[in-house]
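Student: Provided below are the primary sequence and the corresponding predicted coordinates.
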Amino acid sequence: MRRIRCHYASGEAFVDALQSPGEDNAIQVFTTERFEPGEEVLAEVFFSGLPGKMIVRAIGKKWQNARPRLRVRAGGVLRCIGSEWRKLLFLRDVALGCTEMMPRRRHVRQPVLVEIRWRRAGDPELAPATISEISEAGALLLTRDPLALGDEIIIEITPPGSARPLELQAVIRNHDNPEGCGVEFVARDMGGVHRIREVIRRIVDE
């Protein structure tokens with residue numbers, strides 16, 4: 001999946017880009033990296049004053065070539081849904097001064113969309129769920145099943161090219177997202193660390 005740089009000169013310019021397309025869940029971007037309507041991309045969003053970049057999964061809506069004589073810049077419109085759109089709304093609040101963006105995590109989470117299964121430690125019954133963000137440190141687990149802070153779970157995930165699922169141990173760390181919870185991976189040894197890295201590499205490179 002290609003990464004598209006979507007950088008804005010100021011927070012005000014970013015807010016204007018969210019409002020200008022006149023469509024739901026859409027953002028205007030200016031870039032020379034052409035994308036096609038319907039193409040899924042990773043949008044690297046940044047504006048002056050933001051302490052870190054935000055990466056969101058988006059879908060190309062429309063594209064326009066540059067027209068220098070008319071002072072029209074190359075770019076287009078990207079569309080985001082669900083938790084990806086909420087990331088942009090959060091950045092809007094940061095740009096407007098309504099909230100503050102905390103310093104970046106040590107490990108940057110990559111936006112993904114992977115079906116997984118999970119179970120509580122010591123419980124053989126598996127439940128379906130989805131992971132929408134992942135890093136070496138943890139992931140965002142989208143599930144409607146109630147999970148308490150501190151619960152230990154086992155996540156079964158089948159990376160692309162694997163015949164069997166891999167098991168990752170994790171602990172529930174937060175409920176910041178209304179659709180799920182944040183989990184921290186628990187690597188008991190270096191073998192566990194290598195397993196997590198390999199899973200992420202296969203998923204992100206798919």
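Tutor: Perfect, I can see it now. Residues are numbered from 1 along each chain as shown.

Student: before we move on, what SS does the residue sitting furthest away from the middle of the chain have?
Tutor: Distance from the C-alpha centroid of the chain, by C-alpha atoms, centre = their mean, peaks at residue 69 (37.1 Å). State at residue 69, reduced to three classes by DSSP: H, G, I helix; E, B strand; the rest coil: helix.

Student: what's the neighbour count on the spatially closest residue to residue 65 that is not a sequence neighbour?
Tutor: Distances taken as C-beta to C-beta, 6 or more residues apart in numbering place residue 74 nearest to residue 65, at 5.8 Å, with adjacent residues excluded. (Each C-beta comes from the backbone N, C-alpha and C, glycine too.) Here the number of neighbours of residue 74 (other C-beta atoms under 10 Å) works out to 16.

Student: Tell me the pLDDT of residue 74.
Tutor: We have a pLDDT of 86 for residue 74.

Student: Do I have it right that it meets residue 68?
Tutor: No: with contacts counted by C-beta atoms under 8 Å, residue 74 stays clear of residue 68, the gap being 9.8 Å.

Student: other SSEs contacting the least confident helix or strand in the chain by mean pLDDT?
Tutor: Within the chain, no helix or strand scores below helix 190-204, which has a mean of 73 by mean pLDDT, DSSP states H and E. If you count contacts as 3 or more C-beta pairs under 8 Å, 6 or more residues apart in numbering; DSSP states H and E, helix 190-204 packs onto strand 110-120, strand 127-134, strand 166-174.

Student: would you turn those into a markdown table with distance to residue 92?
Tutor: Formatted as a markdown table, the helices and strands packed on helix 190-204 follow (distance: least, C-beta to C-beta, whole Å):
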| stretch | distance to residue 92 |
| --- | --- |
| strand 110-120 | 18 |
| strand 127-134 | 19 |
| strand 166-174 | 22 |
